[in-house]
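Student: Using only what follows, build the 3D model:
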Amino acid sequence: MLMPFLNGDAKEISAAKLKIPKARELVAFLQRPDVPFVRLVRCDRPKSGTAEAVIFQVEVELGQKTIHDIRRDEFIGVVFDPTDKLAPEVLALREDFPVVPHQNLRPFDRPRSLCLDEEPYSELKLRWTALTFVERIREWLRLTARGQLHQNDQPLEPLLSGVEGTMILPHDFVEQANAQKPSVIAIQLLNDSKDRPVYRLHLKRTDDDGKKPRVIATVFTTPPIEHGIIHTQPTNLYELHEFCRKANYDLLGELNARLRDWIVQKSAADINDARFVLVAVFPKKRQANASVEYPDVWVFCSLDTVHQIAVALGVEAEKKIGGFAGVIVNVVKNKKTEDLSPAKKVGIFPLRPVYTLTPARAAVYNGFNEPSTKRIIAVGMGALGSQIFNNMMRSGFGEWTLIDKDILLPHNCARHALPGNAAGLNKADVLAFMANTTIEGTSLTRSIPTDVFEPGDKKDELNKAFADADVILDFSASVAVARHLANGVDAKARRVSIFLNPSGTDLVVLAEDAARKVPLVWLEMEYYRRLANENDLSGHLTGDGGRVRYARSCGDITSRISQNLVALHAAIGSQNLRNVLEQKTASIKIFRAAPDSFAVHNFDFEPAQAIIKKTSDWRVCVSEGVFAKVHNLRKERLPNETGGILIGNFDRQQRVIYIVDALGSPKDSAEWPTLYIRGVRGLRAELERIGKATLTNLEYVGEWHSHPPGCAAKPSSTDQRAITTLAAQMSLEGLPAMMLIVAERGCHQLFIT
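Tutor: Below is the predicted model of the structure:
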């Protein structure tokens, strides 16, 4: 029995009233008389909403033995999203349709929703046609009937230095200290090792955990002093005081004053038990009458507490008398003979001052003269993207905006730059935090945790980031994302795509020219052309390191690629990203690593220019090399006519046809001076080879043939009949027919119907 569609919330409409393009395309296919295995039943539209549905009967190829109750004839309902953001939902409308693997969970038990594909819809709709869609449904039903759809490794689906320590200082510590003049600074104790403690001082940091600080610091800045004055290590406060006197600075007098102030302000109670760190800033000059060149910073730590030092120096709080508090200070009447020996009892030891990393220092440490201030957007922070970003960020290259909606999962950490304790957090957010705590100063990295296709409330932020960028990097390894960044983003930024082949042995870098005259999508097509024609690149996309399942769902699969390969190619990609951005020309680069030795062989290709032709429905991009090739083939076969087929790609989403290559005449073709009949021998095998080499990204797109001398590049009556026949065949998949005619003196015409 056929179930009521959408639980009865639908009304039947005529096919002519359908508004959604894919629904209309499916109905047109179902109504073709030359498609015998399907029958249109009706078209529906929910009583509320703008979705549309097409119901049809489909014939299933059943074997002699079936595992699941799939019938020869099944009724299928397909619900189309008017925005085309969601994949068409496929519903089995037979009321007793069985519960089988690969069904989508939905709020209602029936009708059953079929899970057809593992790929995201953004990828699938690039090549969606009514024919392939219906065939995928029939394949799902056929394999389910035989019990062959569910993968064997998938679980059953549920029914649910001489120094004793280090002080890390801000890179601009002196400037901040002079501007803020803080009296007491809370110190972060990073490592409480008795042998080599590590502290961190941050002038903007406040302890807001409610606990009393374990270590505090105070900063003293002396008048300018000639360099070289400190030549021995002070071991106590008195010795340090004597050094400061050479700079006409009374260290102990200033320290006593601060201690008294702390007591009067009643802040001593909070810091009495804290260990004491003294930071001395000596502005250095080369000669007595010269200007200051550089501030020398010394850091000393005492094992005594603030209270113990106050007592040792004769400063202590008096007990309350009559509700008043006072300060007792040991005062010696004859200052010339003032006894400073108590300061000798306060031992100090130096801490090594080191500064946080800045882009300039990071660049120098990495062997570069200066940092880069290019504004870079990086989309897709997976294994390769995260490691390239990590390399670039740590070398002071770029001001980054990271875009990725994904969270880090434990299995990602096998090859990701982030650690396991970041699992469950957004990749872009954590990478940005990591970068800004690694390279200090103005935040050089920010994150936009969103999907470039569906940014939601991040849309304005995302658009502004694209508009402000100098470079847009695609690390997504997604054809859909790369094409969206190339064609769907309104920005002047140069696009670069960097990705690994399926086995992880090869790194690909596609870089637009600085003027963007050679766009990223065209580079993609030129890349496929090289794969189809370069024997040295054999197996580039066909090899596969294998896949492994990390959870139970259909899409819970990850690649088996060595972290060694990812790290190797991340290093190569980082350096080559620098290289291509220094150049103004477009480039295609492939780096192949030997699986055992990891020796790298590189391929560097200059892309051909594209010639663009526009029609009412499609835009056609043809490689200059195609025209040169067919003219040469014509010349070789004169006085006879010759021909062959055109190779390229149909981008059904953007309505663009790419023609990147041409194949010559098959051996069984008939060639005469005034007639050409193309043969077929070896053609299918060659197309299969090209499809395999390019992962089906290059395919047959049309025909070409030559005209004899004295004839123009215009279609003859025979050509017109051939174009009509070809158009009928191509219309099955909703595609135009193309014929290229080549004539003498370099003349040619491309006809599209």
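
Student: And Ala179, what's its pLDDT?
Tutor: Looking at Ala179, its pLDDT stands at 80.

Student: Give the pairing partners of the helix or strand containing Val622; include direction for each.
Tutor: Using DSSP states H and E, Val622 falls within strand 619-623. Counting by DSSP bridges, the strands paired with strand 619-623 are strand 610-614 (antiparallel), strand 656-663 (parallel).

Student: Check the secondary structure at the nearest residue to Glu641 once chain neighbours are set aside for me.
Tutor: Leaving aside its sequence neighbours, Glu641 sits nearest to Tyr676 (CB to CB, 6 or more residues apart in numbering; 3.8 Å). Bear in mind the C-beta positions are built from the backbone N, C-alpha and C, glycine included. Three-state assignment for Tyr676 (DSSP: H, G, I helix; E, B strand; the rest coil): strand.

Student: Write down the beta-bridge partners of Tyr676, one by one.
Tutor: Beta bridges link Tyr676 to Glu671, judged by DSSP bridges.

Student: Go ahead and flag the most central residue of the protein.
Tutor: Closest to where the C-alpha atoms of the chain average out (CA atoms, centre = their mean) is Gly380, at 1.7 Å.

Student: Other residues contacting the strand holding Val622?
Tutor: When contacts are defined by CB atoms under 8 Å, 6 or more residues apart in numbering, strand 619-623 is touched by residues 522, 525-526, 529, 608-614, 654-661, 738, 750, 752.

Student: one more time with 6 Å
Tutor: Ala608, Ala610, Ile611, Ile612, Lys613, Val656, Ile657, Tyr658, Ile659, Val660 (CB atoms under 6 Å, 6 or more residues apart in numbering).

Student: Same question for stretch 667-675.
Tutor: Outside stretch 667-675, the residues that touch it by CB under 6 Å, 6+ apart are Pro639, Asn640, Glu641, Thr642, Ile677, Arg678, Gly679, Arg681, Pro708.

Student: If we use 8 Å, what do you get?
Tutor: Taking CB under 8 Å, 6+ apart as the rule, stretch 667-675 contacts 637, 639-643, 665, 676-682, 708, 718.

Student: Now the buried members of those.
Tutor: Arg637, Asn640, Glu641, Thr642, Gly643, Ser665, Tyr676, Arg678, Pro708 (16 or more other CB atoms under 10 Å).

Student: shouldn't the fourth one be in contact with Ala662?
Tutor: No: Thr642 is not in contact with Ala662 according to CB atoms under 8 Å; the separation is 11.0 Å.

Student: residue boundaries of the strands in the stretch 251-400 of the chain?
Tutor: 275-285, 292-305, 315-317, 327-329, 348-355, 372-379, 397-403 (DSSP state E, counting those that start in this stretch).

Student: mean confidence for the fourth one?
Tutor: Okay, so that is strand 327-329. pLDDT averaged over strand 327-329 gives 44.

Student: re the thing from before, outside of whichever helix or strand comes after the strand holding Val622 itself, list whatever touches it.
Tutor: Downstream of strand 619-623, the first helix or strand assigned by DSSP H and E is helix 624-637. Residues from elsewhere that reach helix 624-637, judged by CB under 8 Å, 6+ apart: 608-611, 642, 644, 646, 659-662, 664-665, 671, 704, 706, 740, 742, 746, 748.

Student: Distance-wise, check the residue nearest to Glu641 relative to Leu203.
Tutor: Remark: distance between Tyr676 and Leu203 (CB to CB, to the nearest Å) = 82 Å.

Student: Secondary structure class of Pro234, three-state.
Tutor: Assigned with three-state DSSP, Pro234 falls in the coil class.

Student: OK, contacts around it?
Tutor: For Pro234, the contact set (CB under 8 Å, 6+ apart) comprises Leu240, Phe243, Phe300, Ile348, Pro350.

Student: can I get those in TSV with distance to Val27?
Tutor: Listed next are the contacts of Pro234 as TSV, based on distance: CB to CB, whole Å:
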residue	distance to Val27
Leu240	89
Phe243	91
Phe300	84
Ile348	87
Pro350	83
